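[1] how would this look folded up:
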Amino acid sequence: WKMLSTNFFSNHIIPTIFPISIFDRNESILSCIKSSAAKEIIYFLIKENNTPLGIVRLHCLMEKIDTLHELDWQDFISKDFCIVEEKQLEKIVFQNVPNRFLLIQNDKGYSGVMDLNISHDHYDQTLNGAISIMDALMNSFHNGLIAIDENRNIIVLNKSAADFYGISEKESIDKPLKTTLPDSSLNSVMFDSDMPIQNIIPIGGKYIQANRTPLIIRGRVAGGISVFQDVTNTETMNKELQLAKENEKFLESVIANSYDGIYITDRDGLTLAVNQSYERITGIMKEQLIGKYMKTLVEEGLLSVYITDDVVKQKKPITHNQRIENGKRVVITGSPIFDEAGNVTKVITNVRDITELINLEKKLLISNEMTNLYQKELFKEAAEENIVCRSKKFTETIKLAKRVSSKDSTVLILGETGSGKEIVARYIHLNSNRKNKHYIKINCGSIPANLLESELFGYVPGAFTGAHPKGKVGMFELAHEGTLFLDEIGEMPIDLQASLLRVLQDGEVIRVGDTKSRKVDVRIIAATNRNLEEMIANGTFRSDLFYRLNVVSIYVPPLRERLDDIPALAEHFIDKLNKKYNEGKVITSNFIDQLLKMDWPGNIREMANFIEKQYVISDDDIMDTIINYQPGSPTTDKNASGITVNGIIPLNEAVKEVESILVGRAMKKCRTTYKAAELLKVSQPTFFRKYKEYYGEEDQN
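    Residues are numbered from 1 along each chain as shown. This next block holds a predicted model:
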């Protein structure tokens, strides 16, 4: 029987590569023989001027050993050779090579030689003997075996396969598969990877189970092998087995995908299965549990509860609430599984993490808190056209703000109190990619130093005396994916500046009293009316924080440097007041001319409050003259040293008038609430409260 293709196997056998010694043609033949004898090398490469002349076999030299001294290399050289790259050997069909010798070359030079005459004779004898043995082996296979080469010619066909298909082995070898077996599904199998293919195939009313495997020779696919057997009688059994496996797989999937933890034991407490949710909830891997008794695991401290015995004894579900080792609160329910006789065979323990419910409650609290805060922070002016911008200086400020708004770089806004820094901050946010996210503002100068940290970063329950029992979310977390505006950044205590710097560098916050950090994605906009560089020199502001904040700085000019904006601002404030009080007052050019002559040390905030005061006390719908306006008064003359009171007014109003003037002067001179409070000999919170009362809480523009 011929079951294997001799040609296929011959073409895929690589002949032996013999080591070679390289000599110059001028060297003595005898000396070359001596130098190669110890290395047992029998092939020489003769070169002249680094050019290969030919191959010499030691056997040829030994045949004329007595006359070698009279002979030259030229008498022995065989020029029947060709040079082949070592990496190309696997692509060569050696049966088709016309030369006797193949000189093998690699990156280092010549590595050896193939003598195809010797190789062909040797391998023909070896191959014929091997094929005879393989024929006998293939003939003894109970399973059918078919192998094809890369051209889909049959190279192996054993007797079982030939009998199954009713064809002749001898006549099918080296024939195309499609011609010999046109209906075989093997014709459509693609052996384009090293992955095996296994399936059951119907053929002529029968079923065969076939395993198709790529034939890999020297690292590449050279064909394919199909091993098959007749499984017609067992197909029904296989289908039933497959259904059972599918049911088992379905049950395993149900258990594996259950959100609750599931722990299955037999009646003695031997752990049989644990799902991934149990691992997630408890932090204990199934490798530590499966195959061990729950009682032993409890004694070792790995588990904290063992209810299997109680379930087996009582034959009913049992539930416990407890806190497990990792701090989670769980509900554990053990349920019995009975056999036909009513005996408990297994116990399924369900573990539900009620920590999630607690977290949902906390998230709801946070959501409500965020909603309340967002309602307070709703923008009064949400578009560019609501910003009054007529002067050249302020126009340049807004243009710069528009350019930086599309980036996430930190922005530092500089300018005097009341000049409109927050309006610029809101403008940047509304024109950024975060405009649909949160905008949170916090005034670093209005909150006592001991509370500012908890406002910024939040705190956990019990962090300090008086803390909310459920903790609090900080401004950074509330502003996640949005913008956080840190007003009066120069008033931030030096020790808290380090914490702020850490958040800017790492993008993480740690609540007061907590050890766990939380990732936040927040764009920072800071503002101040102080000279931060002087503060750095005085040691009251960190230089590294300054450079972190001062990626882009925007200067907001004071009102005295943008007089062109005063007419439009006055009209803007009058329109707002008309809507507020449902009236229709107007201002004249004379009224605006008087506004232009005033100094406005409190900038836009002072102007807005001043116009509202004029609006309220004016009885006329046409506001032409500023009431109680006198050139040289403290409001208009920054060098005035006295306080003028005209007429008789209630004492409490007079006190407030004096307070208003002094607070405005102190703030203008000192630029910070801390220094202004020190100048007036009052506490900083008191000064800030009075300044907010007389000049407004927010910058207005």
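
[2] Who are the contact partners of L496?
    449, 452-453, 456 (Cβ atoms under 8 Å, 6 or more residues apart in numbering). All C-beta atoms are positioned from the backbone trio N, CA, C, and that covers glycine.

[3] please redo it, this time with the cut-off set to 7 Å
    By Cβ atoms under 7 Å, 6 or more residues apart in numbering, the contact set of L496 is 452-453.

[4] Now name the helix or strand holding it.
    helix 494-506 (DSSP states H and E).

[5] need the contact list for A449.
    Contacts of A449 (Cβ under 7 Å, 6+ apart): P493.

[6] What pLDDT is listed against it?
    Looking at A449, its pLDDT stands at 73.

[7] related to what we said a few turns ago, pull out the buried positions in the helix holding L496.
    Buried residues in helix 494-506, counting neighbours by 16 or more other Cβ atoms under 10 Å, are found at 496-497, 499-501, 503.

[8] Could you pull up the mean pLDDT of that helix?
    88.

[9] Likewise for stretch 537-555?
    91.

[10] which residues are contacting that stretch?
    With Cβ under 7 Å, 6+ apart, stretch 537-555 has contacts from 397, 400-401, 404, 409-415, 424, 489-490, 494, 497-498, 500-501, 504, 526, 532, 535-536.

[11] mind redoing it with 8 Å?
    With Cβ under 8 Å, 6+ apart, stretch 537-555 has contacts from 397, 400-401, 404, 409-415, 424, 489-490, 494, 497-498, 500-501, 504-505, 524, 526, 532-533, 535-536.

[12] what helices or strands is the strand or helix carrying I604 leaning on?
    Using DSSP H and E, the element containing I604 is helix 603-617. Counting contacts by 3 or more Cβ pairs under 8 Å, 6 or more residues apart in numbering; DSSP states H and E, helix 603-617 packs against helix 566-581, helix 684-695.

[13] try 6 Å this time
    In terms of contacts (3 or more Cβ pairs under 6 Å, 6 or more residues apart in numbering; DSSP states H and E), helix 603-617 is packed against helix 566-581.

[14] K178 contacts L186, doesn't it?
    No: counting by Cβ atoms under 6 Å, K178 does not reach L186; the two are 9.6 Å apart.

[15] Between the two, tell me which one has more neighbours.
    L186 (20 against 13; other Cβ atoms under 10 Å).

[16] Look up the closest residue to that one, ignoring the ones flanking it.
    Distances taken as Cβ to Cβ, 6 or more residues apart in numbering put S226 closest to L186, at 5.3 Å, once the chain neighbours are dropped.

[17] Enumerate every residue touching that neighbour.
    146, 186, 210, 212 (Cβ atoms under 6 Å, 6 or more residues apart in numbering).

[18] where does it fall, helix, sheet strand or coil?
    Classification of S226 using DSSP: H, G, I helix; E, B strand; the rest coil returns strand.

[19] let's have the chain start at 17 instead
    Got it, first residue is 17 now, which makes that one S242.

[20] Nearest to the spatial middle of the protein, which residue is it?
    The centre of the chain sits closest to K535, judged by Cα atoms, centre = their mean, with a distance of 13.2 Å.

[21] residues in contact with that one?
    By Cβ under 6 Å, 6+ apart, the neighbours of K535 are E524.

[22] What are the buried residues along the helix holding I620?
    Neighbour counts over helix 619-633 (16+ other Cβ under 10 Å) mark 619-628, 630-631 as buried.

[23] which one of the residues you listed is nearest V328?
    Lowest distance from V328 to these (Cβ to Cβ) belongs to R621, with 77.6 Å.

[24] What sits closest to the closest one if chain neighbours are left out?
    That would be G434: by Cβ to Cβ, 6+ apart, it lies 3.3 Å from R621.

[25] So that neighbour is in contact with M623, correct?
    No: using Cβ under 6 Å, G434 is not in contact with M623; the gap is 8.3 Å.

[26] Regarding the closest residue in space to D369 that isn't next to it in sequence, what is its secondary structure?
    Nearest non-adjacent residue to D369, counting by Cβ to Cβ, 6+ apart: I297, 4.7 Å away. What three-state DSSP gives for I297 is helix.

[27] Tell me the pLDDT of I297.
    On the pLDDT scale, I297 gets 84.

[28] ok, it - how many residues close by?
    I297: 21 surrounding residues under other Cβ under 10 Å.

[29] With D91 instead?
    D91: 14 neighbours (other Cβ under 10 Å).

[30] on that earlier part again, narrow the contacts of S242 to those that are buried.
    With burial judged by 16+ other Cβ under 10 Å, the buried subset of the contacts of S242 is 162, 202, 226, 228.

[31] Reformat those residues as JSON lines; add secondary structure and distance to Q90.
    Putting those into JSON lines (DSSP: H, G, I helix; E, B strand; the rest coil; distance: Cβ to Cβ, whole Å) gives the following:
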{"residue": "I162", "secondary structure": "strand", "distance to Q90": "55"}
{"residue": "L202", "secondary structure": "helix", "distance to Q90": "57"}
{"residue": "A226", "secondary structure": "strand", "distance to Q90": "62"}
{"residue": "R228", "secondary structure": "strand", "distance to Q90": "57"}
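
[32] Let me have the residues you listed in TSV, extended by distance to T83.
    Formatted as TSV, the buried ones among the contacts of S242 follow (distance: Cβ to Cβ, whole Å):
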residue	distance to T83
I162	60
L202	63
A226	67
R228	63
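
[33] Closest to G182 out of the residues you listed?
    Once Cβ to Cβ is applied, the member of these that ends up nearest G182 is I162, at 13.8 Å.

[34] And the closest one, how far from M150?
    Applying Cβ to Cβ, to the nearest Å, the value for I162 to M150 is 15 Å.

[35] Likewise for R228?
    20 Å.

[36] Could you do I570 as well?
    Distance from I570 to M150, counting by Cβ to Cβ: 86 Å.

[37] now K302
    From K302 over to M150 the distance is 48 Å, taken as Cβ to Cβ.

[38] repeat for G478
    Taken as Cβ to Cβ, the span from G478 to M150 is 81 Å.

[39] V113 too?
    Taken as Cβ to Cβ, the span from V113 to M150 is 26 Å.

[40] Give me the nearest residue to K302, chain neighbours excluded.
    Closest to K302 by Cβ to Cβ, 6+ apart is V290, at 4.0 Å.

[41] tell me the contacts of the residue nearest to R621?
    Counting by Cβ under 6 Å, 6+ apart, G434 touches 618-622.

[42] Doesn't it belong to a strand?
    No: with three-state DSSP as the criterion, G434 is located in coil rather than a strand.

[43] Can you give me the pLDDT of it?
    86.

[44] do the one 10 residues further on as well
    At I444, the predicted lDDT confidence score is 93.

[45] phi, psi of it?
    Phi and psi for I444, reported as degrees, to the nearest 10, are phi -60, psi -40.

[46] can you give me the helices in the stretch 267-416 of the chain?
    Taking DSSP state H, counting those that start in this stretch to define them, one finds helices in the stretch 267-416 of the chain at 292-298, 310-315, 324-330, 371-392, 408-421.

[47] Flag every buried residue along the second one.
    Within helix 310-315, the residues that qualify as buried by neighbour count (16+ other Cβ under 10 Å) are 310, 313.

[48] starting at the chain centroid, how far to that helix?
    Per Cα atoms, centre = their mean, to the nearest Å, the displacement of helix 310-315 from the mean C-alpha position of its chain is 40 Å.

[49] Thanks again, I'm all set now.
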